[in-house]
Structures are given as C-alpha cells and as structure tokens.
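**Student:** what follows is a predicted structure for the sequence shown.
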Protein chains: 2
Amino acid sequence: MNEIKIFSPATVANVACGFDVLGFCLDSVGDDMVIRKTDKKGIFITKIEGGFDLPYETELNVAGVSALAMYEAIKPDFGFEIEINKKIKPGSGIGSSAASAVGSVFGMNELLGRPYNKTQLTEFAVKGEALASKCEHADNLAPALFGGFTLVKSMSPLEILQIPSPNDLYATIIHPQIEVKTSEARAILPKEVPLSHAITQWANFGSLIHALHTSDFELIKRSLNDVIVEPYRSQLIPHYYEVKSEVIRVGALGAGISGSGPSIFSLSKGLETANNVKDAMHKVYAKTGINFDIHVSKINTSGVKII
Amino acid sequence: MNEIKIFSPATVANVACGFDVLGFCLDSVGDDMVIRKTDKKGIFITKIEGGFDLPYETELNVAGVSALAMYEAIKPDFGFEIEINKKIKPGSGIGSSAASAVGSVFGMNELLGRPYNKTQLTEFAVKGEALASKCEHADNLAPALFGGFTLVKSMSPLEILQIPSPNDLYATIIHPQIEVKTSEARAILPKEVPLSHAITQWANFGSLIHALHTSDFELIKRSLNDVIVEPYRSQLIPHYYEVKSEVIRVGALGAGISGSGPSIFSLSKGLETANNVKDAMHKVYAKTGINFDIHVSKINTSGVKII
C-alpha cells in the first residue's frame, strides 16, 4: 500500500466541567487527507484545498510538523506526500489544527504497518498542534485519534483514557464567524479560583464521568456545568447565554464553549432534539448579522479513519 | 417489630482528589445501636456505652438530633428509645458522628416500614451531623447509608451517586490519637487555589471515577492524588508523608487524609497487601510515642444494616 485516503474528524475540547481534559469526536465534520509514499526522502505538502491560506512549507504546516516528528523517529529511506482537503475552518474552535496534526501521523502509521499505538501517535501530533496553539496540549488530538469521549489524565507522561458514552448522544455546534484569539481566551482566565468553585467543578466532572459510564442522560444534563471558565470566556462570544438558554429550552442536555471558542457546542439525546437545537441556535444568531455555520453530529466513536 | 439492632459503619470522607465529595464505607469498624418503639412520645437516648463522654440530652446528641428531625416530619403517636454502643472514637476522622446520625434514622425508618429512601434519610441525618461538625455536609453520611463509594454531587438539592468499586479493594486506616480540631483543619485551607492545580485535581478525580467503574487498580493508583488539600492538612498530622511513602512502598494503591484527620487511610488490592500496609503503618508510628489504632477493612458495599 503506497497511498491512503483518510477522514480526520473535528473535535470538541474543554467539555464544560472537564475544562482542559475532556473532549469528544464529531462525525459529520472533518478534513479529507491523502498520504502517499514517495521515493524522495522527506515530508512534502503537495496539495491544500478548501480555500484557506495555509502554508506549504513543511515546517510551517501543522500536518507537516507532526509528520516530521514521526518521520525523524523512524528515519525511513523514503518520504511522504501529504494532500489536505481542509473542511474544518481554522480558528473555529472545533479542532481544525488537531485534525491536520492527527491525519498525517495516522496515515503514515497505516502505510508503515502500524508501528505506533494511538498514544504514541498523539505524542507526535502534539508537536504539530503546538505550532498552531503555541502550547503542547492533546485536548483535541485525543478524541480525533481515539474517537468518542477522551480524558487526558496527564500530559507528562501522556495518559489518555477512553470514556464510554451513550449510543444516542448527539452534538450540535454553532460556529459564529468571529475571531477569538487563543491568546485572549487564555489571558482572560484567572490564575487562581475559589476553592469552593473548584470543588463544585470536580463534583460535576466526577458526576459527568459516572453519567457517561451509566448512560444516564438526566445526570449528564445536571453535570454539564462549568463554574470556572465559562463565566470568563463567554464574554468573548456574542449572545452566548442566549444560545445556551434557548438550546436548553428546546431539550438540549447542556451547552458550553467548544475549545477556546468561538464555537458553542450542545449535547442532546437523539437526532431529533439535536436538530431542534440547530433551529434554536439559528434563530438566535440569524438576527445578529454575524455569519455562522451549524453542524449536527452523532458522537464519532471511532475517530480518524481510512476512507 | 418494636425493636431493632443495627450496625452503623465507620466511613472515610475526602478521598484524595475527591475532597469534599467522595467517601467510602468500612466493614470492620462501626457502632452498634438499638432503636426501640416506646409508648411515650419523643426521642430518648437511654443508653450510651463505649466509654466516651457523650450527652444523653436528645437535642445535644447527634443521634438524637437526626432522630428528632425525622420524628418531627412524621409526628407518630409513639416515641423511640435509642441505645448507642459507640465503638468509633469521636474525633478520629472516620465518621463517628455520621454513624450515630445515620443509625438512629435508619433504625427508625425500618421500624416505621421504610417510608423514606436513603437520600431522604441522609437529609435527616445531615441535621445531626451539623451538630457535631458545625456545618451541613453528607461526606460521611452518604457512604454510611448507601455503602461502597459515594459521590455527593450537590447538597442543595441533595444528590448522592453510588460509584461501583472492585471486589478486591481493601482499606487500611491508622488513627493517631492526637486531636485535630475541625475548625483548625478548615482554617488551614486556602480560599483560592491555582487554576492549574484545580485542573490537575479534576483530571485525577475523573480518572478515579473511571478507574472505579472499570476496576482498573493501576489507574486507581495513578489517580489517588490530592494536590489541593493534602499539602496543607498533612501539616497537622505527624509523620504523614512517612506513612504515605511507606505504605506505597509495600504495595498500597495510595493514601490520604481521612475526613479532616488525624486518621490516614490507604487503599490496597487484596487483604494481604492491606495487612502489609497495616504493618508498615505500625512500624512508622511505633517509634513516635503517639498512641494509635489501625483498622483493616474490606470496602463495605451495603452500608448501615440490621444485625
């Protein structure tokens, strides 16, 4: 096998009370990529489609950097070409850079006969993600590689847990086309938080993990609260609380900021409710004059895959 | 049925990263209590054994106050006598007051034909617990009533989750006979904590809940860390870190402060390791000149019960 075509999915990180550690994987949004062995040694970005201004220089491209990290570990006597059909808008807050970083290392690993496991692939992908977000984190990489819900227990050593989730769980995500700078989203967070809030957060997070294990939708609903980060970062997203209250009114289990925004995610039991949530989001944003996209997706339990 | 004899178990609260929300129930330590219907209306403490100086006045006795809370909700045309054989030392940090508060309401509920569920019984018991600890909390009440591991998701409304745990899980607890005032244990805690530490704490707590669900002992071990409270409260317990490192050296999964101390709990896979942990604790404390007790117990998955 000399060429492989893959689907590298969008993901939601910073899932409410699971800020910085919990993410999940989407089904209906993602990049298509082609990875191809080539006689010439090295990593070469040969095609970028999708209309975004992304660099072809390997060292400046997220997919290129993660591919290089893996390439240098293996040092094969051949090279790889990478084609990216970018469908996840950069800066949307649903793991656009993570999808690129994951796609190249996943595809190369397949062509090489799978020398690495998914945690090892995440280690390489972290290098690419760091190029985009200026820090090493795996919040979006882990769900893109493993699928479903993932808990990044620690970065050093890297430990990723796969958390089960109910079959009938759907996400609806609105991407308001405004820019939220990651640096600004970081700067707005307090360095210290009240101990009482932290306790509430881990009570909710433990409950959410229990609820995912037991497929208890009502408990998911009662646990999807973020008392630490949302009060700050929601200020950067117009009409955030209006979206949140409207989606809950039409039956969503809850809502939160996807990644560092500006996208807002919502979780629902069943496709019908997820579509009602889409309508509710549409109604709120239609009157704002801000352009937006909305995605409805089942939770993708397999992650990045060959197509 | 006019009389019932019950076993009301000791419990461990503030389980490491689950500070203020996670507790578990012990098997080998607990109070015996007798609850008896009587023609005379009211709640009467008629016998207290065990050698501790506990009050007979209903309104000043933890078991009396929780019994009164339930009694006033039901207003029966008869009364109850309560006998307490106190075996859990007050102030030891393994839920002595909670056992009293739970025992009376559990026993009365049985004699009344179980009008209340366990969460409702916890609500009554909270009133007794508040007499002892000057604040309403259910950290020890919940495991004493429900058994096993419990997560108190919220106090208002009261919501208690039962978390499964592996069969072969044992606790070893050392009670150094020194006084740690609850007020001092509270005052020593910071009002604010670094966000980065809070994130580590909820990553560990979510991982611990996942590990209990999946019976993953190694992950229990990697998750039993408290980066928020232990650094402060451990200062109140002599030789705390020496005990901790020694029990881990002989195979314990981890250790932490039980309740607000001075007891130190440890969790182990299997009775043999739990006994080795007991020996290791003994060795550390034998040279200190401080009196101490050590208990080894399987996790008690049924909680308070009729004997």
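**Tutor:** Right, received. Where do you want to start?

**Student:** can you map out the strands along the stretch 101-250 of chain A?
**Tutor:** A:149-155, A:158-163, A:169-176, A:192-194 (DSSP state E, counting those that start in this stretch).

**Student:** pull the residues that contact the shortest one.
**Tutor:** Right, the one you point to is strand A:192-194. A:228, B:191-195, B:198 (CB atoms under 8 Å, 6 or more residues apart in numbering or on different chains). No exception for glycine: its C-beta is placed from N, CA and C like everyone else's.

**Student:** mind listing what that strand pairs with, with the direction of each?
**Tutor:** As defined by DSSP bridges, the strand partners of strand A:192-194 come to strand B:192-194 (antiparallel).

**Student:** do the same with the second one
**Tutor:** In the sheet containing strand A:158-163, its partner strands are strand A:149-155 (antiparallel), by DSSP bridges.

**Student:** centre of the chain to the strand it pairs with, how far?
**Tutor:** 13 Å (CA atoms, centre = their mean, to the nearest Å).

**Student:** tell me which residues in that strand are buried?
**Tutor:** Within strand A:149-155, the residues that qualify as buried are A:149-153, A:155, counting by 16 or more other CB atoms under 10 Å in any protein chain shown.

**Student:** swap in stretch A:228-238?
**Tutor:** A:228-230, A:233-234, A:236-238.

**Student:** and if you look at stretch A:181-192?
**Tutor:** Neighbour count says stretch A:181-192 has A:182, A:185 buried, by 16+ other CB under 10 Å.

**Student:** quick one: end-to-end distance for that stretch.
**Tutor:** Stretch A:181-192 has an end-to-end distance of 22 Å (CA to CA, to the nearest Å).

**Student:** ok so, going back, can you lay out the buried residues of strand A:149-155 as CSV showing pLDDT?
**Tutor:** Converted to CSV, the buried residues of strand A:149-155 look like this (pLDDT from 0 to 100):
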residue, pLDDT
A:F149, 98
A:T150, 98
A:L151, 98
A:V152, 98
A:K153, 98
A:M155, 95
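
**Student:** now, which of the buried residues of stretch A:228-238 sits nearest chain B?
**Tutor:** Closest approach to chain B among the buried residues of stretch A:228-238 (CB to the nearest CB): A:I228, at 7.0 Å.

**Student:** could you export stretch A:36-43 as PDB, CA atoms only?
**Tutor:** Extracted in PDB, the C-alpha atoms of stretch A:36-43 (Å, rounded to 0.1, in the frame of the first residue of the first chain):
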ATOM      1  CA  ARG A  36       1.400   8.900  -0.200                       C
ATOM      2  CA  LYS A  37       4.700   7.200   0.000                       C
ATOM      3  CA  THR A  38       7.300   8.700  -2.300                       C
ATOM      4  CA  ASP A  39      10.900   7.800  -3.300                       C
ATOM      5  CA  LYS A  40      12.200  11.200  -2.300                       C
ATOM      6  CA  LYS A  41      13.100  11.300   1.300                       C
ATOM      7  CA  GLY A  42      11.300  13.900   3.500                       C
ATOM      8  CA  ILE A  43       7.800  15.200   4.100                       C
END
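
**Student:** centre of the chain to it, how far?
**Tutor:** That offset, for stretch A:36-43, works out to 29 Å (CA atoms, centre = their mean).

**Student:** picking up where we left off before, so which of the buried residues of stretch A:228-238 comes closest to A:S268?
**Tutor:** Nearest to A:S268 among those, counting by CB to CB, is A:E230 at 18.8 Å.

**Student:** for the closest one, give me its contacts.
**Tutor:** A:16, A:256-257.

**Student:** the same query, at a cut-off of 7 Å, please.
**Tutor:** A:256-257 (CB atoms under 7 Å, 6 or more residues apart in numbering or on different chains).

**Student:** ok, now the one 3 residues further on?
**Tutor:** With contact set as CB under 7 Å, 6+ apart, A:R233 has these partners: A:185, A:188, A:257, A:260-261.

**Student:** could you rerun that using 8 Å?
**Tutor:** By CB under 8 Å, 6+ apart, A:R233 lies in contact with A:185, A:188-189, A:257, A:260-261.

**Student:** turn those into JSON lines, columns for distance to chain B and pLDDT.
**Tutor:** Formatted as JSON lines, these follow (distance: CB to the nearest CB, whole Å; pLDDT from 0 to 100):
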{"residue": "A:A185", "distance to chain B": "14", "pLDDT": "89"}
{"residue": "A:I188", "distance to chain B": "12", "pLDDT": "95"}
{"residue": "A:L189", "distance to chain B": "6", "pLDDT": "96"}
{"residue": "A:I257", "distance to chain B": "15", "pLDDT": "98"}
{"residue": "A:S260", "distance to chain B": "14", "pLDDT": "93"}
{"residue": "A:G261", "distance to chain B": "17", "pLDDT": "94"}
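
**Student:** so which elements touch the longest strand along chain A?
**Tutor:** For chain A, the strand reaching the highest residue count under DSSP state E is reported as strand A:22-38. Contact analysis of strand A:22-38 by 3 or more CB pairs under 8 Å, 6 or more residues apart in numbering or on different chains; DSSP states H and E lists strand A:3-12, strand A:79-85, helix A:96-111, helix A:141-146, strand A:149-155, strand A:169-176, strand A:292-298 as its packing neighbours.

**Student:** of these, which approaches B:E83 most closely?
**Tutor:** Per CB to CB, nearest to B:E83 of the helices and strands packed on strand A:22-38: strand A:149-155, 47.9 Å.

**Student:** stretch A:280-300 - what's its average pLDDT?
**Tutor:** Regarding stretch A:280-300, the rounded mean pLDDT is 97.

**Student:** first-to-last residue distance for it?
**Tutor:** 23 Å.

**Student:** just how off-centre is it within its chain?
**Tutor:** 17 Å.

**Student:** got the buried residues for it?
**Tutor:** A:280-281, A:284-285, A:292, A:294-300.

**Student:** what's the answer for stretch A:105-117, then?
**Tutor:** Those would be A:105-111, A:116, for stretch A:105-117 by 16+ other CB under 10 Å.

**Student:** same question, stretch A:211-218
**Tutor:** A:211-214, A:216-217.

**Student:** which of those residues sit farthest apart?
**Tutor:** A:H213 and A:F217 (12.7 Å).

**Student:** coming back round to it: mind putting the strands of the stretch 101-250 of chain A into a markdown table with distance to A:V21?
**Tutor:** Shown next, in a markdown table, are those (distance: least, CB to CB, whole Å):
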| stretch | distance to A:V21 |
| --- | --- |
| strand A:149-155 | 5 |
| strand A:158-163 | 9 |
| strand A:169-176 | 18 |
| strand A:192-194 | 15 |
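
**Student:** now do A:S156: how many residues are near it, please.
**Tutor:** By the criterion of other CB atoms under 10 Å in any protein chain shown, A:S156 has 6 neighbours.

**Student:** pLDDT weak spots in the stretch 201-307 of chain A?
**Tutor:** Applying pLDDT under 70 to the stretch 201-307 of chain A flags no residue at all.
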